[in-house]
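In: Below are the sequence and a predicted model; questions follow.
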Amino acid sequence: MLGEKELRFFGRRKGKTIKTSKQQLIDELLPKLRPDFSQKEKVDFKTFFSNPMKEYWLEIGFGGGEHVAELSLKYQDVGFFAAEPFINGVASLLAHLNGSHEGKTTHTNLAPERSDNVRIWDDDVREVFPFFEDGIFKKIFLLYPDPWPKARHAERRFTNKINQQHLYRLLDDEGCFYVATDVQAYAEWTLEQVEELSLFEQVNEDISLPPQDWVPTRYEKKGIAAGRKPIYLVFQKKKLK
Ligand SMILES: C[S@@+](CC[C@H](N)C(=O)[O-])C[C@H]1O[C@@H](n2cnc3c(N)ncnc32)[C@H](O)[C@@H]1O
């Protein structure tokens, strides 16, 4: 289990005032999609879905939720676990799932074209790592993590060695961990940490090319428009002897 100190969350939890319609989604739709970890013991994540899913994918820090919203619509046989403590971002993902992102709806259910394949954790993902079984996720996405540029804050970077050990356990043996960043120093630091710990191997040849099937987030698009260059790192689990 992670210690108290390691679990301090340093990001923002709240931004602009949330509109009434989005607040209604937080009050009515979110409770249906938030898994119950209150027993504080290992859960069978598969049972949180009414249909059996082919695979399970995790997205850490989904921001406005456009990446998980698009993938979950495309892959309706995949079960998604998406975590984000910033409540305005959670509201935005709920609006995507409800079909009201571009306009109004009068209900608080999932949009009719969607299957019920997304589960949302509106808090720090590290809190719930211990409750998942080994090897549950086939893909783990960490897109544009907070860079924490100051050297004295380096350990807050999500790709630190403690988190790598959790992700290693949660990832299927054939699974991949995807990181995107447009901060060169973050990519370099991550590669260093990965090499030192030696649990993962970076497997994509050209780090300037998005992996197949890539959905750019709003953050990525803004970065590109501002002249920043995305770096994509794909890590595979090493087979330990
Ligand atoms: C720079 S934003 C990028 C958001 C999104 N991935 C994108 O590309 O647009 C980083 C996000 O990670 C979230 N985050 C940071 N630490 C987290 C944690 N421990 N668990 C879940 N989300 C986290 C932050 O709240 C923030 O929304």
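Out: All right, it came through fine.
In: Ramachandran angles for residue 137?
Out: phi -100, psi 140 (degrees, to the nearest 10).
In: Point out the residues in this protein that sit beside the ligand.
Out: With CB under 6 Å from any ligand atom as the criterion, the chain meets the ligand at residues 9, 11, 60-64, 83-86, 89, 124-126, 143-146, 158, 217-220. Bear in mind the C-beta positions are built from the backbone N, C-alpha and C, glycine included.
In: and those, which are buried?
Out: 60-64, 83-86, 89, 124-126, 143-145, 158, 217, 219-220 (16 or more other CB atoms under 10 Å).
In: Any stretches of the chain with poor pLDDT?
Out: Scanning the chain for pLDDT under 70 picks out 1-6, 241.
In: Determine the longest strand present in it.
Out: Using DSSP state E, we find that the single longest strand of the chain is strand 171-181.
In: Now do that one: distance to the chain's middle.
Out: Distance of strand 171-181 from the chain centroid (CA atoms, centre = their mean, to the nearest Å) equals 11 Å.
In: and the next element down the chain from it?
Out: Using DSSP states H and E, the helix or strand that follows strand 171-181 in sequence is helix 184-197.
In: Can you show me the helices along the protein?
Out: Ranges of helices within the chain are 20-28, 30-33, 66-74, 87-98, 161-170, 184-197, 218-225, based on DSSP state H.
In: from those, which stretch is densest packed?
Out: Of those, the one with the most neighbours on average (mean count of other CB atoms under 10 Å) is helix 87-98, at a mean of 23.
In: helices or strands up against that one?
Out: Using 3 or more CB pairs under 8 Å, 6 or more residues apart in numbering; DSSP states H and E, the elements in contact with helix 87-98 are helix 20-28, helix 30-33, helix 66-74, strand 118-121.
In: Select, out of the helices of the chain, the one closest to residue 117.
Out: For residue 117, the closest of the helices of the chain is helix 66-74, at 5.5 Å, according to CB to CB.
In: what's next to the closest one, contact-wise?
Out: Residues outside helix 66-74 that contact it (CB atoms under 8 Å, 6 or more residues apart in numbering): 57, 59, 62, 78, 80, 82, 93, 96-97, 101, 113-114, 117-118, 141, 143, 215, 217-218.
In: follow-up on the earlier one: residue 204 is nearest to which of the helices and strands packed on helix 87-98?
Out: Minimum separation from residue 204 across the helices and strands packed on helix 87-98 (CB to CB) falls at helix 66-74, 17.7 Å.
In: That closest one vs strand 171-181, what angle?
Out: For helix 66-74 against strand 171-181, the angle by axes from the mean of the first three to the mean of the last three CA atoms, to 10 degrees is 130 degrees.
In: chain center to helix 66-74, what's the gap?
Out: Mean-position distance between helix 66-74 and its chain equals 12 Å (CA atoms, centre = their mean).
In: Now do that helix against helix 87-98, angle only.
Out: 20 degrees.
In: relative to helix 218-225, how tilted is helix 66-74?
Out: Put simply, helix 66-74 runs at 120 degrees to helix 218-225, going by the same axes, to 10 degrees.
In: what's near enough to touch the nearest residue to residue 229 once chain neighbours are set aside?
Out: Spatial nearest neighbour of residue 229, excluding adjacent residues (CB to CB, 6 or more residues apart in numbering): residue 182 at 6.2 Å. Contact analysis of residue 182 by CB under 8 Å, 6+ apart lists 144, 220, 223, 228, 229, 230, 231.
In: right, and the second one touches residue 181 too?
Out: No. Applying CB atoms under 8 Å as the test, residue 220 and residue 181 come out as separate, 9.8 Å apart.
In: any shared contact partners between the two?
Out: By CB under 8 Å, 6+ apart, the residues touching both residue 220 and residue 181 are 144, 230.
In: Send me stretch 105-118 as CSV with only the CA atoms.
Out: Output of stretch 105-118 as CSV, limited to C-alpha atoms (Å, rounded to 0.1, in the frame of the first residue of the first chain):
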residue,chain,number,x,y,z
THR,A,105,-30.2,17.1,-23.4
THR,A,106,-33.0,16.7,-21.1
HIS,A,107,-31.9,13.4,-19.5
THR,A,108,-29.0,12.3,-17.4
ASN,A,109,-28.4,8.8,-19.0
LEU,A,110,-25.8,7.6,-21.4
ALA,A,111,-26.3,8.7,-25.0
PRO,A,112,-28.3,6.0,-26.8
GLU,A,113,-25.4,5.1,-29.2
ARG,A,114,-23.2,4.2,-26.2
SER,A,115,-22.8,1.0,-24.3
ASP,A,116,-22.2,1.2,-20.6
ASN,A,117,-18.4,0.5,-20.8
VAL,A,118,-16.8,3.4,-18.9
